[in-house]
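S.K.: Here is a sequence with its predicted model. Questions after.
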Amino acid sequence: MDSTVSSGDVAHPQSEKAAAGQSLASQRQNGEEIAVSLNARRGDFLLDVNFTIPGRGITALFGPSGSGKTMILRAIAGLERMDGIIRIHGDTWQDHTHFCPPHHRRVGYVFQDSRLFEHLSVDGNLRYGQNRRARGRGDGVLPLSYDEVVHLLGMEKLLHRGIAHLSGGERQRVAVARALLSSPDILLMDEPLAALDQQAKDDILPYLLRLHDRLEVPVIYVSHDRTEMEMLADQIVLLDTGSVTASGPVAALLSRADLPFAMAGGAAVIIDGRVAAYDESYGVTTLQAGTVPFYIPADMGPSGTRRRLRIRATDVALCQPPVPAKSSVLNMPLATVVDMAFTDRHHVTVFLKIGDGTDLLARITRKSWDQLALSPGDSVYAMVKAMAIMGQP
C-alpha cells in the first residue's frame, strides 16, 4: 500500500472503516471536538501543547516562525511521532498505548509547495485524490463531488492543463481540491499561501472563503499572516515558543487587551453578518451583524449570504452623543466604552461593545481621549467610514 503523504489523503483501509468512522456524520453534526495534547523535544526546542477545538470550521494555528505550528500538523498526520494524545471526532489516533500509522489516518494535507504530480494534468491530479476516496467510507458522511469541488475552486478551465502551465495560485487551488476529493476526516493546511505573491494570494482567498460554508470537514490552517487568519479562521490557537498562549473564537481573541493583536499596529476586529439588502441605485449592501446594520459600498451577494467584515482600529472615530444630524459617515453604531490602554505615549486603544455585545476597537490620539474624557460604561458613537470596511469578496 502507498503510504506517501502528498497534498492528497493518507489512505484508510477498508478493514478499519467501521471502527474509525463509527457514526462520524452524527458526531460532526453534534460538534464533536478535536483534542490534541503533545509533548516533544527537538534539540533545544520543547513543544508542550494541549488544546481542544471544534469538529467543524477553520482553526488557525497562529504564531511566529519556530513556534511549533508545523510540528503539530505533522504529528496529527502521523508523520512525526511524539508523546501525547490525538482524538478526532471521538476516534483515538494516538494515546499512551496506541499509535495509528499515517497510512491509516484519513488526512488531507496541503503543503506550502503544492506537491502536485507534474506528469499528470490537473484532471489527473484530481482523479488521483478521488480514486483514493473510492475505497469507500461507510461513515455516512457525504463528501463533496468532483463537480462541486471543481466549481467551488473555479477550475473548470484548468482541467486539461499541465501542471507546468499553472500559476502559483492555480497550483495551490489544485492541491486543495485534490486533498478535498480524498474525502478526509480532517484537512491540514501548512501555510498554503506563504509562497505566493500578494496578487496570487488575493486571487485564491475568495475561493477558500467559498469553501468555508460548504465544508463538513474541519480544517487546521497554519499561518503567520494576520490578515489571512482574520479573514478565514473561526478559531485561533495562539502559539509561542512551543506553548499555547491562548485559544478561542477569532473575534474574541482579536479584541483581548492581554494579547498582542489589539495593541499591534494593524489592530482590527472581525464581525460576521448576513446580507440583508442591496440598494442597486447607490451600490450599497446592508449587512446585518446581530442587531447592528453596516452599510458597505459593494454588492456582497444575495440576501442571507454570510459575510465577514474586517474593521481596523485606526478607521474608527468616536463621537459623544447626540449623533450628528448630518454626516457623510454611514456607519455610526452606538457603543459602550469597556476599557482603554495606552498604545504608546501619544495613542490610545479604546475597547468597545456595540449592539448585542460585538467587540470593536478604536485607535485614537491621546489628545482626543483627554478631550472626550471618557470612562468605562460611557456611551459613544463609533464612526466607521463605509469605504474603510474590508469585506469578504
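M.R.: That came through fine. Model, not experiment: these values are computed from the prediction. Numbers count the residues shown, from 1 in each chain.
S.K.: C-alpha only now, for contacts and for neighbours.
M.R.: Noted.
S.K.: quick one: the helices in the stretch 151-300 of the chain?
M.R.: Shown for the stretch 151-300 of the chain, the helices assigned by DSSP state H, counting those that start in this stretch span residues 168-181, 198-212, 226-232, 250-254, 260-263.
S.K.: ok, now how distant is Ile296 from Arg74?
M.R.: Distance of Ile296 to Arg74, computed by C-alpha to C-alpha, to the nearest Å: 41 Å.
S.K.: which one of the two has more residues nearby?
M.R.: The residue with more neighbours, out of Ile296 and Arg74, is Ile296; 23 against 16, by other C-alpha atoms under 10 Å.
S.K.: my read: His346 touches Arg366, true?
M.R.: Yes - if you go by C-alpha atoms under 8 Å, His346 and Arg366 touch, sitting 5.1 Å apart.
S.K.: out of these two, which sits in the busier spot?
M.R.: Applying other C-alpha under 10 Å to His346 and Arg366 shows that Arg366 carries more neighbours, namely 17 against 12.
S.K.: hang on, that one packs against Val348?
M.R.: Yes - the pair Arg366 and Val348 qualifies as a contact (C-alpha under 8 Å) at a distance of 5.6 Å.
S.K.: sorry, back to before: which stretch in the helices of the stretch 151-300 of the chain has the least confidence?
M.R.: Here the lowest mean pLDDT among these goes to helix 198-212, at a mean of 85.
S.K.: Send over that helix as CSV, restricted to the C-alpha atoms.
M.R.: Output in CSV follows, covering the C-alpha atoms of helix 198-212 (Å, rounded to 0.1, in the frame of the first residue of the first chain):
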residue,chain,number,x,y,z
GLN,A,198,0.2,39.3,-2.9
GLN,A,199,-1.7,39.3,-6.2
ALA,A,200,-1.8,35.5,-6.2
LYS,A,201,-3.0,35.5,-2.5
ASP,A,202,-5.8,37.9,-3.4
ASP,A,203,-6.8,35.6,-6.3
ILE,A,204,-7.0,32.4,-4.2
LEU,A,205,-8.6,33.8,-1.0
PRO,A,206,-12.1,34.2,-2.5
TYR,A,207,-12.1,30.5,-3.4
LEU,A,208,-11.0,29.5,0.1
LEU,A,209,-13.8,31.7,1.5
ARG,A,210,-16.3,30.0,-0.8
LEU,A,211,-15.3,26.6,0.6
HIS,A,212,-15.8,27.7,4.2
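S.K.: And the contacts of stretch 234-244?
M.R.: Stretch 234-244 has contacts (C-alpha atoms under 8 Å, 6 or more residues apart in numbering) with 45-51, 53, 57-64, 66-69, 245-250, 253.
S.K.: if we can go back for a sec, deepest of the helices of the stretch 151-300 of the chain, which one?
M.R.: helix 168-181 (a mean of 26; mean count of other C-alpha atoms under 10 Å).
S.K.: Which elements pack onto it?
M.R.: In this structure, helix 168-181 packs against strand 107-110, helix 122-133, helix 146-152, helix 198-212, with contacts taken as 3 or more C-alpha pairs under 8 Å, 6 or more residues apart in numbering; DSSP states H and E.
S.K.: Distance to Asp234 added to the ones you listed, as JSON lines?
M.R.: Below are these laid out as JSON lines (distance: least, C-alpha to C-alpha, whole Å):
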{"stretch": "strand 107-110", "distance to Asp234": "19"}
{"stretch": "helix 122-133", "distance to Asp234": "27"}
{"stretch": "helix 146-152", "distance to Asp234": "20"}
{"stretch": "helix 198-212", "distance to Asp234": "10"}
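S.K.: Quick one, which of those gets closest to Gly84.
M.R.: strand 107-110 (18.4 Å; C-alpha to C-alpha).
S.K.: Going by neighbour count, list what's buried in stretch 334-341.
M.R.: Of all the residues in stretch 334-341, those buried under the rule 16 or more other C-alpha atoms under 10 Å are Leu334, Ala335, Thr336, Val337, Val338, Met340.
S.K.: Please apply the same query to stretch 157-166.
M.R.: Leu158, Leu159, Gly162, Ile163.
S.K.: I figured the last one was touching Leu120, is that so?
M.R.: In other words, Ile163. Yes - the criterion here is C-alpha under 8 Å, and Ile163 meets it with Leu120 at 7.2 Å.
S.K.: for this structure, where's the lowest mean pLDDT among helices and strands?
M.R.: The weakest-scoring helix or strand in the chain, judged by mean pLDDT, DSSP states H and E, is helix 17-20 (a mean of 38).
S.K.: who touches Leu144 in this structure?
M.R.: Per C-alpha under 8 Å, 6+ apart, neighbours of Leu144: Leu180, Leu181, Ser183.
S.K.: which of those lies closest to Asp202?
M.R.: When the contacts of Leu144 are ranked by distance to Asp202 (C-alpha to C-alpha), Leu180 comes first, at 21.2 Å.
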